[in-house]
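Student: fold the following, please.
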Amino acid sequence: MGMDLLRGDETPEEIIILAYGMEEGLGQFYSAIAEDTEDSEVSNMLTELAEIEKNHKQRLLGLYITLNQASTDKEAFETKIVSKVMEGGFTTEEFLEKNRPAMQTVPDVLNVAMMLETQALDLYSRYSQKIKDDEGKTILYEIADEEKAHLASLGQLMETRV
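Tutor: Numbers count the residues shown, from 1 in each chain. Prediction:
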């Protein structure tokens, strides 16, 4: 769940760079699945989740700039993103290729989304423990709380659809 991408001695800036790439990958995944599904309710939920991932990226960029005052340019920051991997360590394309057969029904798509949001929650909870900056901790805790809200929304959708 992304933790295999860590050495264990990352700086807060490196953690933010990795998390930013993962948010990008997850947003791409949600957008791709939203386009593929014919179920408008699921598509709307996935589109909303993709938008939230964009908000997470903005918050992570802001945190990066706070911690690294020398770099305030978004484009320069984004060149540091090593890869756009999802929390499982796969690129969006790899994940879709491997898992598309398992995502043919609404419950399947929702189960995968819930798994990814759970991984994201775990990721941000762990990252928040590694960062020393109080504002950084707060932001990562808030993003973790948003992941909990995503899970709750997906759970409600699951209850009404399954």
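Student: let's verify the residue of the chain most remote from its centre: helix, strand, or coil?
Tutor: What lies farthest from the middle of the chain is A70; by Cα atoms, centre = their mean that is 25.9 Å. For A70, the assignment made with DSSP: H, G, I helix; E, B strand; the rest coil gives coil.
Student: please report how far it lies from P107.
Tutor: Distance of A70 to P107, given as Cβ to Cβ, to the nearest Å: 48 Å. Backbone N, C-alpha and C define where each C-beta goes, glycine included.
Student: again, but for T138
Tutor: 35 Å.
Student: again with L154
Tutor: Distance from L154 to P107, by Cβ to Cβ: 11 Å.
Student: where do the helices sit along the protein?
Tutor: 12-36, 40-67, 74-78, 92-99, 106-130, 134-161 (DSSP state H).
Student: between those helices, which one is nearest to M86?
Tutor: Of all the helices of the chain, helix 12-36 sits nearest to M86, with 4.1 Å by Cβ to Cβ.
Student: and stretch 151-162, how far from the chain's centre?
Tutor: With Cα atoms, centre = their mean, to the nearest Å as the basis, stretch 151-162 stands 19 Å off its chain's centre.
Student: next, the buried residues of it.
Tutor: For stretch 151-162, the neighbour count (16 or more other Cβ atoms under 10 Å) marks L151, S153, L154, L157 as buried.
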